[in-house]
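[1] I need the structure of the sequence given here:
(2 chains)
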Amino acid sequence: MRIRSEIIIFFLLISVIPLSIVAYISYDSSKEAISGSVMEKLLGATENTGNAIDNWMAARKDDIRVISQSRILVCTDKKQLREYLDTFEREYRGVYREFFILDLNGSIIFSTLDRKGNAGNERYFTEAANGKLYVSDVSLSEITGYSEMIIANPVKNNGTITGIMAARVSLENLYRIIENIDVGKSGEVFIVNKDGNIIFHKNRSMILLHSIPDNHAVREVTYEKNGIDEYVNYKGEKVLGSYYWLPLYRWGLIVEEKTDEAYTGVVALGRLMVTVSFFAIIGVVFLALVISRRLTEPIKSLENGALGLVKGNFRPIPVTSRNEIGHLTEILNQTASELLFIRKKLEDRIQLANHDLEKKNQELIEANEGLKKLDEMKSEFISLVSHELKTPLSTIKVSAEYLESDDNADPFERKEMLRIIIRNIDRQTRMINEILDLSKIEAGKMEFQFENVDMRETVNSVIENIGQLAMKKKITISLDIPDSLPQFIADKEKLIIVLNNLAGNALKFTPVGGSIIISAKDLGDSIEVRMKDTGIGIEKEKLEKIFDKFYQVDSTSRRKIGGCGLGLSIASGIIRAHGSQIHVESETGGGSTFSFRLKKAEP
Amino acid sequence: MNRDAIDDRILQLMKKDSNISNIEMSRIIGIPENEIAARILNISDTRPIILIVDDDMDSLLPLKRSLERENYKVVEAYSGRDALQKATAETPDVILLDLMMPGMDGYDVCNRLKTEMTLKNTQIIMLTARDDVGDKVRGLELGADDYVTKPFNLSELKARIKAALRRTSNL
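    Below is the predicted model:
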């Protein structure tokens, strides 16, 4: 996971968890406190209502008691009685609907409404007749249609019940009092009787007509219980309801308030908590972002720099902070510069090595070329040698076959054929000797017998060998050898071969009428032998190769003097065996000069 | 005037007058008398002509003698240039061509001869001491009809010449 995300998550964890806990705890306790106060308020309202009812009812009872004990009731003056009771009615402005007096049989003997009749079966009559004040259940007035009740009290004269005093009490007055009690905007107060029928409700039409089904508070209060609970009321709303049993009148007083409203404060508090938490989280995230940015920015640049380093980019990474990261960046920069230095050094070395390799490679290529060329020359040589050996063989064979097939040949022809045979045998012998000599020299198996040699003697035998050919080509051979020339150390036979080969070459390449000069000179510790001709010369680029094995300036022109172009190679090999070297100076068209030095003999 | 034209003139003159002398013909055609004699000898010679090309005189001579004894007319050439000249002049039936020659070598000669229209019936037998397969292939590709390596058997060479002549007459 990236550091940034880690920091953000960490911050969120350490901020959100305690924040949530604190918020929850404070919300919870506040809720408790608020709901406590709500309930208290509700209970207070219930109590107030209860008290109001009690007070009002007590006042009514007192009224009835006072009236029933009044002297006026005893007197028989109906007019006076009526006045008295009318005054009451007026005074209480509609609280009392009717005052009426019953005899002990239950017959109405006086009524402010002039009503007649018998109420001997009514409960209020029987109860009052037993000497007790009685308050009837609430019922709807047949006359007004409003709810009302009857309060009856015995009328006593000297301790004896002489009749019953009763009053029809309208409850509207009480209702108005209850309605004025503050139970909140959505608060609802209603009173039920023991059967659960409504005897008081804001909506008058519900009174006594409707029982409230499945209402928790009604159920509880009809069990004569008091309490406060949350439940769903008859309208299907969640409410907080307080119920209070008034045993005196067997009424259940119920005050309900919608939970939403009751807990408005709690909800507001919850909202406040959520809002505060939300902004706190945003603040924390922002803070975490800022901090993580501050932390990760240098790390990121460090990372990029390190990546660049991996890819071979040695640019220094900018140091943006003085903390550990900054220090690390500095170390990395140092490493990078060191790496760069090492790399440069390595590159230099590689370049050097490459250069060396290239040079070696070039050398190898050249060597290979040389070897290839040598190989080609070798196979060319073998081809030439086989040709040179087979050609005279072929001639000998054809000639011999010719002689063999004709016994009566012309003697001149016979002789001619035999001469050809002998000449070709010689030619082949010479060639074989040359090849053998060269291979001996190559293998280092040629044996040399060094002795003191006289130059003139040697040259004379050479002239003997080549004189005839020179004469044929009209080439003059002149000698420049001082009489006083000391002897030198050499193998005479081999030296003759050298001079023969050189002279042979000179004759070969010198046109008719030219000249060859053989000279010798005392150089103090050695003798220099030179052979100069007036031939065609050798091209500069061929000069270096003429001593190479198998090299022939012109591969087809050797036949006239025989040999397969090995003459110079043999000569060079022999002189090398003498501890010296053949030098050549030549110019195209200007003739050639071959020279070598030999060790002077001890005097 | 080339030799064929001279030959035609000589034949025309001889047809008119069978007893005409060489001196007279020499005068009419305008060439020396000995040339006329040589041409007459040449016209009357019906033997197959074999041109031997070899720079080595020692190789050439015994071969020439052997083939002459077989009743062939033998013409010799000592170089490539010489060979081209003799070939156009004599129109030989068979050419025995040595490959290793200074200057123009056997391959060059073969190449040139093959472009010559008058020699399209001439059989070329290459004669060499080199017996490399590559050399043989090269020679045959250049248009040589046969290839004989030295040293060869004389009777074998004669047989090959006879075979070559048979091919010429079949053409």
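[2] in the stretch 151-300 of chain A, where is pLDDT below threshold?
    In the predicted model, the stretch 151-300 of chain A carries pLDDT under 70 at residues A:183-184, A:209-213.
[3] let me know how buried the closest residue to chain B within it is, in neighbour terms.
    Of all residues in the stretch 151-300 of chain A, A:K300 sits closest to chain B, at 73.6 Å by C-beta to the nearest C-beta. C-beta coordinates here come from the backbone N, C-alpha and C atoms, glycine included. For A:K300, the neighbour count with other C-beta atoms under 10 Å in any protein chain shown is 14.
[4] secondary structure element for it?
    Assigned by DSSP states H and E, A:K300 belongs to helix A:264-310.
[5] point out the residues in chain B that sit beside chain A.
    Residues of chain B lying close to chain A by C-beta under 8 Å from any C-beta of the partner chain are B:55-56, B:58-59, B:61-63, B:65-66, B:69, B:100-103, B:105, B:128-132, B:149-152, B:154.
[6] buried members of those residues into PyMOL, please.
    Applying 16 or more other C-beta atoms under 10 Å in any protein chain shown to these leaves a buried subset, and the PyMOL line that selects it is:
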select buried, chain B and resi 55+56+58+59+61+62+63+65+66+100+101+105+128+129+130+149+150+151+152+154
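[7] in helices, which of the residues of chain B next to chain A appear?
    B:58-59, B:61-63, B:65-66, B:69, B:154 (DSSP state H).
[8] which among those gets closest to B:I95?
    B:L63 (12.8 Å; C-beta to C-beta).
[9] pLDDT score for the closest one?
    Looking at B:L63, its pLDDT reads 92.
[10] same question, A:I150
    90.
[11] given the helix or strand hosting it, what are its sheet partners and their directions?
    For A:I150, the host element (DSSP H and E) is strand A:147-157. Neighbouring strands of strand A:147-157 in its sheet, by DSSP bridges, are strand A:134-135 (antiparallel), strand A:139-140 (antiparallel), strand A:160-170 (antiparallel).
[12] for the last one, list the C-alpha coordinates in CSV.
    Think strand A:160-170. Presented in CSV, the C-alpha positions along strand A:160-170 are these (Å, rounded to 0.1, in the frame of the first residue of the first chain):
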residue,chain,number,x,y,z
THR,A,160,-82.5,11.7,58.7
ILE,A,161,-82.5,11.4,54.9
THR,A,162,-85.5,13.2,53.7
GLY,A,163,-84.7,13.3,50.0
ILE,A,164,-82.1,13.3,47.4
MET,A,165,-80.5,16.4,45.9
ALA,A,166,-79.0,15.9,42.4
ALA,A,167,-77.4,18.1,39.8
ARG,A,168,-76.8,17.4,36.2
VAL,A,169,-73.2,18.7,35.6
SER,A,170,-72.0,19.6,32.1
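[13] so for the helix or strand that it is followed by, what gets flagged as buried?
    Per DSSP H and E, the first helix or strand lying C-terminal to strand A:160-170 is helix A:172-179. Residues A:172, A:174-175, A:178 are the ones in helix A:172-179 that count as buried (16+ other C-beta under 10 Å).
[14] picking up where we left off before, got the angle for the strand holding A:I150 vs helix A:172-179?
    Here strand A:147-157 points in a direction 120 degrees away from that of helix A:172-179 (axes from the mean of the first three to the mean of the last three C-alpha atoms, to 10 degrees).
[15] and strand A:147-157, what's buried?
    For strand A:147-157, the neighbour count (16+ other C-beta under 10 Å) marks A:147-156 as buried.
[16] is any part of the helix or strand that contains A:D348 close to chain B?
    Assigned by DSSP H and E, A:D348 belongs to helix A:324-405. Yes: interface with chain B: helix A:324-405 contributes A:383, A:386-399, A:401-402, A:405 (C-beta under 8 Å from any C-beta).
[17] how far off centre is that helix?
    Taking C-alpha atoms, centre = their mean, to the nearest Å, one finds helix A:324-405 lying 50 Å from the centre of the chain it belongs to.
[18] quick check: domain ranges of chain A?
    A:34-174, A:183-262, A:447-599 (automatic domain parsing).
[19] surely A:V512 and A:I475 touch.
    Yes: judged on C-beta atoms under 8 Å, A:V512 makes contact with A:I475 at a distance of 7.3 Å.
[20] who's more crowded, these two?
    A:I475 (22 against 8).
[21] can you tell me which residues in chain A are near chain B?
    Taking C-beta under 8 Å from any C-beta as the contact definition, chain A meets chain B at A:383, A:386-399, A:401-402, A:405-406, A:413, A:416-417, A:420, A:423-424, A:554, A:556-557, A:559.
[22] just the helices in chain B please.
    B:3-16, B:22-29, B:33-44, B:57-69, B:80-90, B:106-115, B:133-141, B:154-170.
[23] could you do chain A as well?
    Under DSSP H, chain A gives helices at A:3-68, A:78-91, A:123-129, A:172-179, A:216-222, A:259-262, A:264-310, A:324-405, A:411-443, A:455-472, A:492-509, A:540-543, A:567-577.
[24] what's near enough to touch the residue found closest to B:D98 once you drop the neighbours it is linked to in the chain?
    Distances taken as C-beta to C-beta, 6 or more residues apart in numbering or on different chains put B:D54 closest to B:D98, at 4.1 Å, once the chain neighbours are dropped. Shown in contact with B:D54 (C-beta atoms under 8 Å, 6 or more residues apart in numbering or on different chains): B:60, B:63, B:76, B:78, B:96, B:98, B:101, B:127.
[25] at 10 Å what do you get?
    A:391, A:395, B:60-61, B:63-64, B:76-79, B:83, B:96-101, B:106, B:127-128 (C-beta atoms under 10 Å, 6 or more residues apart in numbering or on different chains).
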